[in-house]
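S.K.: sequence isn't available, so here's the structure alone:
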């Protein structure tokens, strides 16, 4: 299935003291594709799921947890826990693990992440009907609280606010905190806040993406 994207013409670096101090032209294409686009992640996930479910040979099972797996010469046998606690065993020639940064499979095949992570958490806020929309990406380079801000599809704007020491996710995700943070861009009561969530950014990698017929993909 298709999902909407917005082509980004430029990235601006803004400073509270200097104003606009750098600009990057992102209008060029690479290999026939726009250099930079934004999209709305829930729409992408819906499109991926719909595409998988449309394949006759694909079975989509939600609310399912991988408990463990064993490898042999023919492939893997995985033990799954379904909703309600029922166990199910599945045999497969290949096991592709897309089970995220806390991947059970990655640890089971002896791969741990190398590289760096950041002790910084970020509050993501997705908004519709912002009164002062932009059509590009801007970075507010303020050491007190850096803020990336960008356009997204369907009249959306996205902000990311870095948490300061001592600030808790549940406090930052409250509508009152979001109202204070978005005050420079308008009244939250005039906006449609679709999502507000705290996440931590990682930039790490492991040494190998394969062991036998087990493969790591995505964030795993």
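M.R.: Arrived safely, thanks for sending. Just so we're clear, the structure is a prediction, and the values are computed from it rather than from any experiment. Numbers count the residues shown, from 1 in each chain.
S.K.: buried sites along stretch 197-208?
M.R.: For stretch 197-208, a neighbour-count test (16 or more other CB atoms under 10 Å) marks 198, 206 as buried. The way it works is simple: take the backbone N, C-alpha and C, and place the C-beta from them, glycine included.
S.K.: now do the residue of the chain positioned farthest from its centre, the pLDDT please.
M.R.: The outermost residue of the chain, judged against the average C-alpha position, is residue 73 (35.5 Å), by CA atoms, centre = their mean. pLDDT for residue 73: 83.
S.K.: one more: residue 118?
M.R.: Predicted confidence (pLDDT) for residue 118: 65.
S.K.: over to the closest residue to residue 209 other than its chain neighbours: give its phi and psi.
M.R.: Take residue 209 and drop its neighbours on the chain: the residue closest to it by CB to CB, 6 or more residues apart in numbering is residue 216, 4.7 Å away. Residue 216 adopts backbone torsions of phi -100, psi 130, taken as degrees, to the nearest 10.
S.K.: list the contacts for the nearest residue to residue 35 once chain neighbours are set aside?
M.R.: Here the nearest residue to residue 35 in space, its sequence neighbours aside, is residue 26; by CB to CB, 6+ apart that works out to 4.7 Å. Residue 26 is in contact with 8-11, 34-36, counting by CB atoms under 8 Å, 6 or more residues apart in numbering.
S.K.: which of those lies closest to residue 165?
M.R.: residue 11 (28.1 Å; CB to CB).
S.K.: residues in contact with that closest one?
M.R.: 23-24, 26, 36, 136-139.
S.K.: specify the beta-bridge partners of residue 12.
M.R.: residue 23, residue 138 (DSSP bridges).
S.K.: I figured it hits residue 135, correct?
M.R.: No - proximity of residue 12 to residue 135 does not meet the contact threshold set by CB atoms under 8 Å, at 11.1 Å.
S.K.: how near is residue 188 to residue 155?
M.R.: Note on residue 188: its distance to residue 155, by CB to CB, to the nearest Å, is 16 Å.
S.K.: the more surrounded of the two?
M.R.: Counted by other CB atoms under 10 Å, residue 188 and residue 155 do not tie: residue 188 has more neighbours, with 19 against 12.
S.K.: on that earlier part again, ok, the residue nearest to residue 209 - how many residues close by?
M.R.: Around residue 216 there are 21 other residues, counting by other CB under 10 Å.
S.K.: the nearest residue to residue 128 once chain neighbours are set aside: neighbour count?
M.R.: Closest residue to residue 128 apart from its sequence neighbours, by CB to CB, 6+ apart: residue 192 at 4.0 Å. The local packing count at residue 192 equals 12, with neighbours defined by other CB under 10 Å.
S.K.: I figured residue 192 hits residue 126, correct?
M.R.: No - using CB under 8 Å, residue 192 is not in contact with residue 126, being 9.3 Å away.
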